[in-house]
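K.L.:
just coords:
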């Protein structure tokens, strides 16, 4: 179902369901013998949501075997995508660890979804992590982990609000200190915002960021709609044959704006010093790039990474 200006969601619908898909991808990567990341809570969060055919199938060995037999090329596609998710997670884990090592004790994760960094990473004493997302998404994650005896490893604070609303005010009510340096994270977010909303988001971040604050973002992919729709069609076919729940088509949930600002350039022109990292180069550096994959040259279906520091 296409997006609308006033749409909302829980963990099983619309944009919320994409968080399940990514958590399931992290779970599959975690179980690999050469795992690039370790997320001990991803599988729990993904399986309890009751959806996620794209990756949820891979968490069940019996279902995975059926998928392999029906569509081995699709399994290769999943491995290709999983490599990107692993590298993305690794990149932003390192960004946050570096920020903490530099003495930053205030972290804001925008559209946090099923991000488990407040639970699985080691944080210095005095670190506060603000998770901003839809109320039902935050409630699902907190309840699922609490019911299974999982506690956050630092001071985790929920800011239950839609980013189209006055989230900076809600952040301050939750205890956010705009005079303190902050590490911001916008991972898996920008592609779900129209171009003007992306500009507004970074403007708002800048307005409440002290000098020395940092921001990291995953850019919106340049060319992903056609490829994602193709993947969704194959997922739908597999779901019908195996009897699995279908995910929404991620391509219907994203905004593909021709005139979207380049994130690094925008930040460099608005009081930040920013740098772009190409995800393809990170994947090659970390051994998560398969040159033999039939779509290995389709680099612009994936996003890139940006890190900036407030001047």
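P.N.:
That came through, no problem. These numbers come from a predicted model, not from an experiment.

K.L.:
pLDDT weak spots in this protein?
P.N.:
Scanning the chain with the threshold set as pLDDT under 70 gives 1-17, 50-61, 64, 68, 222-252, 255, 290-301.

K.L.:
can you give me the helices in it?
P.N.:
Here the chain has its helices, by DSSP state H, at 14-30, 42-49, 53-56, 61-70, 72-101, 117-120, 135-147, 167-173, 195-207, 225-242, 250-253, 263-268, 279-285.

K.L.:
turn those helices into CSV, columns for mean neighbour count.
P.N.:
The C-beta positions use only the backbone N, C-alpha and C, and glycine is treated the same way. Listed next are these as CSV, based on neighbours: other C-beta atoms under 10 Å:
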stretch, mean neighbour count
helix 14-30, 24
helix 42-49, 22
helix 53-56, 24
helix 61-70, 13
helix 72-101, 18
helix 117-120, 21
helix 135-147, 17
helix 167-173, 16
helix 195-207, 17
helix 225-242, 15
helix 250-253, 18
helix 263-268, 20
helix 279-285, 17
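
K.L.:
with distance to residue 154 as added columns, please give those helices in CSV.
P.N.:
Shown next, in CSV, are these (distance: least, C-beta to C-beta, whole Å):
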stretch, distance to residue 154
helix 14-30, 20
helix 42-49, 18
helix 53-56, 28
helix 61-70, 35
helix 72-101, 10
helix 117-120, 6
helix 135-147, 14
helix 167-173, 17
helix 195-207, 21
helix 225-242, 35
helix 250-253, 31
helix 263-268, 27
helix 279-285, 26
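
K.L.:
and residue 216, which of those is closest to it?
P.N.:
With C-beta to C-beta as the criterion, residue 216 lies closest to helix 72-101 of those, at 4.6 Å.

K.L.:
about what we covered before: for residue 155, find the nearest of the helices of the chain.
P.N.:
helix 117-120 (8.6 Å).

K.L.:
counting by contacts, list what the closest one packs against.
P.N.:
Contacts defined by 3 or more C-beta pairs under 8 Å, 6 or more residues apart in numbering; DSSP states H and E place helix 117-120 against strand 128-133.

K.L.:
now with 10 Å?
P.N.:
Counting contacts by 3 or more C-beta pairs under 10 Å, 6 or more residues apart in numbering; DSSP states H and E, helix 117-120 is packed against helix 72-101, strand 106-110, strand 128-133, helix 135-147, strand 155-160.

K.L.:
as CSV, these with distance to residue 46 would be great.
P.N.:
What follows is the helices and strands packed on helix 117-120, written out as CSV (distance: least, C-beta to C-beta, whole Å):
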stretch, distance to residue 46
helix 72-101, 12
strand 106-110, 18
strand 128-133, 16
helix 135-147, 10
strand 155-160, 20
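
K.L.:
out of the ones you listed, which comes closest to residue 277?
P.N.:
Nearest to residue 277, of the helices and strands packed on helix 117-120 and by C-beta to C-beta, is helix 72-101 at 7.0 Å.

K.L.:
by how many degrees do the closest one and helix 42-49 diverge?
P.N.:
With axes from the mean of the first three to the mean of the last three C-alpha atoms, to 10 degrees defining the directions, helix 72-101 sits at 120 degrees from helix 42-49.

K.L.:
quick one, phi/psi of the residue nearest the centre of the chain?
P.N.:
Central residue of the chain (C-alpha atoms, centre = their mean): residue 188, 3.5 Å from the mean position. With angles defined as degrees, to the nearest 10, residue 188 shows backbone torsions of phi 60, psi 30.
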